[in-house]
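J.: I'll drop the sequence and a predicted model, then ask my questions.
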Amino acid sequence: MAIETLVEWMKNSNSTVVLTGAGMSTESGIPDFRSQSGWWQNIDPRSVASVESLQHHYELFREFYQMRIEALTNIEPHIGHQILADWEKRGLVALIATQNVDQLHHKAGSEEVAELHGNIVTIRCTSCVKPHTIEHFLNNSVCTYCTGKLRPNVVLFGESLPQEAWNLSFNEIQNADLVIVIGTSLEVYPVNQLPRMARGKLVYINLDVSGSTRQFDLVLEGSAGEVLTKIDQKLALF
């Protein structure tokens, strides 16, 4: 019944925004950071993924992100990513706002994507901000323009979110008829504030729905790929 309700809302929505978190990527084989078995249980994030680490412990910083980049080598989008990309092409989704930095939404074919935490797939110089290749970063090269240190375009602890991605997500969510939140525990500030900005219907899809979901009009428990497949099958009947 819940899926039928969501399908009806999607059909009647003039603007639907999707907000995705780590649970969207774990099905592709990317480890979660904040679950009980996540990476942050074994690594202090501020020791490797912070502005301080970039400035004062660059080798540790670079080795950590080299490991994360190399871990993406054989990772592919799953059926859930592909369904969202298809919904965008069909005019059912206006924007995907994501906390994920792996660019799997792009890889699946989504074009309207706001990367709220940046991404680790593109590289820039920390000093002159000129773009560089992943190979330059993995080979521990310096900037070819100013000899500065290279870094991924990811938001580090101690940095602000990219203003363009934030403003786009904020405005689209505020004006949407329907917001679907997928695979996030909504623990990370300030992204966890975005659903509160929604004026339309608010839906939560996650494998773990044990937290507070009172703000949502509809809650669907299950993995992103599983639930999105069921929704897509129902949509096909209309």
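T.: That came through, no problem. Numbering: from 1, shown residues only.
J.: Any regions of the protein where pLDDT drops low?
T.: 32-46 (pLDDT under 70).
J.: Tell me how far residue 94 lies from residue 63.
T.: 39 Å (Cβ to Cβ, to the nearest Å). (Glycine included, C-beta is placed from N, CA and C.)
J.: same deal with residue 108?
T.: To residue 63, residue 108 is 29 Å away according to Cβ to Cβ.
J.: So for the two, which sits in the more crowded spot?
T.: Comparing residue 108 with residue 63 by other Cβ atoms under 10 Å, the one with more neighbours is residue 108, at 22 against 13.
J.: got a list of what the more buried one touches?
T.: Applying Cβ atoms under 8 Å, 6 or more residues apart in numbering to residue 108 gives the contacts 77, 81-82, 84-85.
J.: Tell me which other helices or strands the top strand by length along the chain touches.
T.: Criterion DSSP state E: the longest strand present in the chain is strand 118-125. With contacts defined as 3 or more Cβ pairs under 8 Å, 6 or more residues apart in numbering; DSSP states H and E, strand 118-125 has these neighbours: helix 58-71, strand 131-132, helix 134-138, strand 150-154.
J.: Pull out the buried positions in the third one.
T.: Pointing back at helix 134-138 there. Residues of helix 134-138 classed as buried by neighbour count (16 or more other Cβ atoms under 10 Å): 134, 136-137.
J.: Looks like residue 166 contacts residue 115 (just checking).
T.: No. Using Cβ atoms under 8 Å, residue 166 is not in contact with residue 115; the gap is 10.3 Å.
J.: Between these two, which has more neighbouring residues?
T.: A count of neighbours by other Cβ under 10 Å puts residue 115 above the other of residue 166 and residue 115, at 26 against 17.
J.: so who does that one touch?
T.: Taking Cβ under 8 Å, 6+ apart, we find residue 115 in contact with 98, 100-101, 103, 162, 165.
J.: Neighbour-wise, give me the winner out of those residues.
T.: The most crowded member of those, judged by other Cβ under 10 Å, is residue 98 (32 neighbours).
J.: This protein: strands as residue ranges?
T.: Using DSSP E, the strands of the chain run over 16-20, 95-98, 113-115, 118-125, 131-132, 150-154, 178-182, 201-206, 218-221.
J.: would you list every one of the helices in the protein?
T.: 2-12, 22-26, 45-48, 51-56, 58-71, 79-89, 104-108, 134-138, 163-175, 224-236 (DSSP state H).
J.: looking at those helices, which is closest to residue 186?
T.: helix 22-26 (11.0 Å; Cβ to Cβ).
J.: about what we covered before: same list, the helices and strands packed on strand 118-125, but as CSV with distance to residue 200 please.
T.: Output for the helices and strands packed on strand 118-125, formatted as CSV (distance: least, Cβ to Cβ, whole Å):
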stretch, distance to residue 200
helix 58-71, 35
strand 131-132, 37
helix 134-138, 38
strand 150-154, 30
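J.: Could you identify which of those is most buried?
T.: The highest mean neighbour count among these, using mean count of other Cβ atoms under 10 Å, belongs to strand 150-154: a mean of 20.
J.: what are the pairing partners of it, and which direction each?
T.: Strand 150-154 has the following strand partners under DSSP bridges: strand 118-125 (antiparallel).
J.: The strand it pairs with vs helix 58-71, what angle?
T.: Relative orientation of strand 118-125 versus helix 58-71 (axes from the mean of the first three to the mean of the last three Cα atoms, to 10 degrees): 130 degrees.
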